[in-house]
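>>> 3D model of this:
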Amino acid sequence: MADFTLDTKVSEALALRPELRTLLPAFHPAFAKLNNPVIGKLLPRLVTIGDAAKVAGVDAEALLDVFNLPNQPPHTLPSSAPVSEPDPPWLKTSRRRELDLRPMLAAGREPFPTIMDALRRLAVGEVISLRMPFEPAPLRSLLGKRGWEHHVAWQDGDCVASFWRPPAEDDITAVDPGERFADGVLDLRGLEPPQPLRMAMATILVRDQLTILHDREPALLYPRLTERGLGWTVHQEEGHVRIEIQPADAP
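Here you go, the predicted structure:
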């Protein structure tokens, strides 16, 4: 039998080694979920061995040894200390919704439909933060492939996983700045997120030099300006900021 890797799906490993459904819970109680009639069928198809280590909070290489070395005597898998990731700009500036999944998981209910329903209701540019006892590694992988940004922090032993749906180009092109733009100045003051970012990007698509008035510094805008070869200077004015945008190589 070929050795499993951290990228091997748990379902593939279970098909080749059914005894893992008994062995794994002996190494760590988190793997008792493999025998849950609902979660035990769904998660193995979505989760790799590396993901499973993150979900259980155990050392990935030690878990891989369990999969590859049959009939090991039971022992406790070494824990992998949870680490909070640095806060990205979108987590600080976007409107956030929160969903506590701990009661649902404690009751043995499958949270996936509830999560997907909440994601469908999320407006472009908003953030949803999911609180649960473990890191949702499969969900991070799934949404990452769809263009979502994600972030993990640990608070009082719980994982808070946040997901952000950035504005897409097809969302931006439908935006009309209207009276907000006149004489080379785009006034974004008083608008709720994600309108300022979308309106700024819609204007930048057709102009590479303009002035923006904003209630605060738009941290999410700056990386997009860099991607387009644009530079900017920021001036603090009374109650707002003035941002002068022009090509980065302009004199």
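>>> Name the spans of the stretch 151-251 of the chain whose pLDDT lies under the cut-off.
Along the stretch 151-251 of the chain, segments meeting pLDDT under 70 span 167-175, 250-251.
>>> can you pull out the strands in it?
In the stretch 151-251 of the chain, the strands defined using DSSP state E, counting those that start in this stretch lie at 158-164, 181-182, 185-187, 210-214, 230-237, 240-247.
>>> Can you tell me which of the ones you listed is most buried?
Ranked by mean neighbour count, the strands of the stretch 151-251 of the chain are led by strand 158-164 with a mean of 21 (mean count of other Cβ atoms under 10 Å). All C-beta atoms are positioned from the backbone trio N, CA, C, and that covers glycine.
>>> The strands of the stretch 151-251 of the chain: which one's closest to Glu85?
strand 158-164 (9.7 Å; Cβ to Cβ).
>>> Neighbouring strands of that closest one in the sheet, and parallel or not?
Counting by DSSP bridges, the strands paired with strand 158-164 are strand 127-132 (antiparallel), strand 149-155 (antiparallel).
>>> Please identify the helix or strand for Val124.
If you go by DSSP states H and E, Val124 is not part of any helix or strand.
>>> Would you map the helices across the protein?
Using DSSP state H, the helices found in the chain span residues 10-16, 20-27, 39-46, 49-56, 60-68, 89-93, 102-106, 112-121, 137-145, 169-172, 195-204, 221-227.
>>> Can you convert the strands of the stretch 151-251 of the chain into TSV and add a column each for distance to Arg97?
Putting the strands of the stretch 151-251 of the chain into TSV (distance: least, Cβ to Cβ, whole Å) gives the following:
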stretch	distance to Arg97
strand 158-164	10
strand 181-182	30
strand 185-187	28
strand 210-214	23
strand 230-237	30
strand 240-247	27
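>>> For the most centrally placed residue in the chain, list the residues it contacts.
For the chain, the residue nearest the mean C-alpha position is His150 (1.4 Å; Cα atoms, centre = their mean). With contact taken as Cβ atoms under 8 Å, 6 or more residues apart in numbering, His150 is in contact with 140, 143-144, 161-164.
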